[in-house]
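Take a look and give me a structure for this.
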Amino acid sequence: MATGGRESTMKLAHFSAKRWRLRQGDGVHHEVFVTAESLQGGAEEVFATLIHEGAHALNQARGVDDCSASQYHNKKFKAAAAELGLIQKPDVSDYFKKKYGFAGTTMSDEAKAAYKEQIEALDAAIHATRVPNFYGGRGGRSRTGSKADDDLDTEGYETEDGDEVEEEEGPQKPEREDRNYAKGVCQCDPPNVIRASPRTLRRGKVMCADCLGVFGPADED
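Numbering: from 1, shown residues only. As a prediction, this is how the structure comes out:
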């Protein structure tokens, strides 16, 4: 498991299969990544996030596809999450549910009691939290999934140079005629796709939270 800060996404964590390879031998290992920003929610929320990613890991081991490329969590994810003690949040907005499916999870009272000792140990270990610069972007475990998230702009964000970046999800919208955006892809297979100015893509400052590689210009016919 790794912890790090994210500059341009509101993702709190992710599970990514077979991301680590041993320096000796052929063994590969999965990754659970937790952002430093997630610590602001407290130990109980961080633990709920870890269980959420654990549900993805459980389905990965079973060969079950529980999440689309656009981060829609299906009923198979919901079932695995329930096995591990997660329930659906009661205040999930219609917007969030339509976009992310059953991703809005929290721990049941039984799970909180079962992991009480571990949660308390984690709480004692959290001495500081990272303050995010801004939210935006897509994917993974978002901050709440509640109605308040509807006010967040998840369609795009701006780089420190002021160049707007838009991420493509679901059915493609007609491109805006007044913006000279170029298509950028990451190193995932299949790659995630964004639209940004050519200058932004050339600078290589936009990182994919899944493969941790930078988005670069795509070869378009």
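
And the pLDDT at Glu37?
For Glu37, the pLDDT comes out at 76.

Kindly confirm my reading that it forms part of a strand.
No. Glu37: not assigned to a strand; according to DSSP: H, G, I helix; E, B strand; the rest coil it is helix.

isn't it right up against Arg130?
Yes. If you go by CB atoms under 8 Å, Glu37 and Arg130 touch, sitting 5.3 Å apart. All C-beta atoms are positioned from the backbone trio N, CA, C, and that covers glycine.

Between the two, tell me which one has more neighbours.
Using other CB atoms under 10 Å, the more surrounded residue of Glu37 and Arg130 is Glu37, with 22 against 15.

Okay, now the unreliable bits of the protein?
Counting by pLDDT under 70, the ranges of the chain that qualify are 1-19, 131-179, 220-221.

mind running it again at 80?
For the chain, residues meeting the criterion pLDDT under 80 lie at 1-41, 128-180, 203-205, 207, 209-213, 219-221.

and Pro198, how far is that from Ala182?
Using CB to CB, to the nearest Å, Pro198 is found at 5 Å from Ala182.

Now do the shared contacts for these two.
Pro217 (CB atoms under 8 Å, 6 or more residues apart in numbering).

These two: who's more crowded?
In terms of neighbours (other CB under 10 Å), Ala182 is the more surrounded of Pro198 and Ala182; the figures are 16 against 13.

quick one, what contacts the more buried one?
Counted by CB under 8 Å, 6+ apart, Ala182 has contacts Arg195, Ala196, Ser197, Pro198, Leu201, Pro217, Ala218.

In PyMOL, how would I select just the buried ones from those residues?
What follows is the PyMOL syntax selecting those of the contacts of Ala182 that are buried according to 16 or more other CB atoms under 10 Å:
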select buried, resi 195+196+197+201
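
which pair in the contacts of Ala182 spans the largest distance?
Ser197 and Ala218 (14.0 Å; CB to CB).

Which parts of this protein are strands?
Along the chain, the stretches classed as strands by DSSP state E are 2-4, 13-21, 28-35, 86-88, 105-107, 156-158, 164-167, 182-185, 193-196, 216-217.
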